[in-house]
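> Sequence and computational prediction follow.
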Amino acid sequence: MDKRDFSAEEALQYGWNTMKANIWFFVGVLVVAWALTGVPHIIANLLQEQSIGLSFLFRIIGWAANIIVSIGMTVIALKFLDNQDPRFEDLFSFKPYFWKYLGASILMVIIVWVGIILFVIPGVYWALKFQFFGYFVVEQGRDPVEAMRMSSRITQSVKWKLFGFGLVLALINIVGTICLFIGLLVTVPVTLLAFSFVYRKLLEQTESAQLGKSTPETAPVS
């Protein structure tokens, strides 16, 4: 099995530096993103007792908004990794990916819930294994099953390190929440960028290992 590895410190440093250099861009993007995802759910809660049908409709709208925002944030993170300048409009660049991302998200939820039913640990394991599916949908246009397969490939041998890294990212965002939620304007970009950095690092190592296997050894010159 090919060895994968990454530095959590390096990933977080990248996230911090990139966030600092683009803080106002992220503030604008996050305020709009939170409004898009939060308002439908607030309306749904207000309508819960008056109209179950309308409440359900707004929950569906909120779920679709979550998918749109997730795709947009992935596009933005990938552009930063590629040394490009993301634009605010990238938050809404969901059209080429929406249905594949939706399908992959549903598949992910089903897999993780089945794992949780099977004494929790398999659910955690599968969540770690398939957590990068969205990047393969957005960056490579993979279908849901192939995106899950690719995520499984790049997480080989680093799942428990990814588990620890995920706990660190969660703790960082908890601190942001404690700081009257304003801290999330800093911690969310940092953790998003750090997570994306790890994805790209593991992908590069996987592709390098595959290239090494496919390249025939040069015969010695006599």
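Right, received. Where do you want to start?
> Using CSV, write out every CA atom in the host helix or strand of V175.
In the assignment (DSSP states H and E), V175 maps to helix 159-178. C-alpha atoms of helix 159-178 as CSV (Å, rounded to 0.1, in the frame of the first residue of the first chain):
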residue,chain,number,x,y,z
LYS,A,159,-7.6,7.8,8.0
TRP,A,160,-6.8,8.1,11.7
LYS,A,161,-4.5,11.0,11.1
LEU,A,162,-7.4,12.6,9.2
PHE,A,163,-9.6,11.8,12.2
GLY,A,164,-7.3,13.8,14.5
PHE,A,165,-7.1,16.6,12.0
GLY,A,166,-10.9,16.7,11.7
LEU,A,167,-11.1,17.0,15.5
VAL,A,168,-8.6,20.0,15.4
LEU,A,169,-10.7,21.7,12.7
ALA,A,170,-13.9,21.2,14.7
LEU,A,171,-12.2,22.6,17.9
ILE,A,172,-11.1,25.6,15.9
ASN,A,173,-14.6,26.3,14.8
ILE,A,174,-16.0,25.7,18.2
VAL,A,175,-13.7,28.5,19.5
GLY,A,176,-15.0,30.7,16.7
THR,A,177,-18.6,30.0,17.8
ILE,A,178,-17.8,30.8,21.4
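> which residues are contacting it?
Residues outside helix 159-178 that contact it (Cβ atoms under 8 Å, 6 or more residues apart in numbering) are 5-6, 8, 11-12, 124-125, 128-129, 131, 155, 183-188, 190-191, 194-195, 198. (Each C-beta comes from the backbone N, C-alpha and C, glycine too.)
> try stretch 60-78
Stretch 60-78 has contacts (Cβ under 8 Å, 6+ apart) with 29, 33, 36-38, 40-41, 44, 86, 90-94, 97-98, 101-102, 105, 134-135, 138-139, 192-193, 195-196.
> Now a ChimeraX select for only the buried ones of those residues.
Under the burial definition 16 or more other Cβ atoms under 10 Å, those of the contacts of stretch 60-78 that qualify are selected in ChimeraX by:
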select :29,33,36,37,40,41,44,86,90,91,93,94,97,101,102,105,134,135,138,139,192,193,195,196
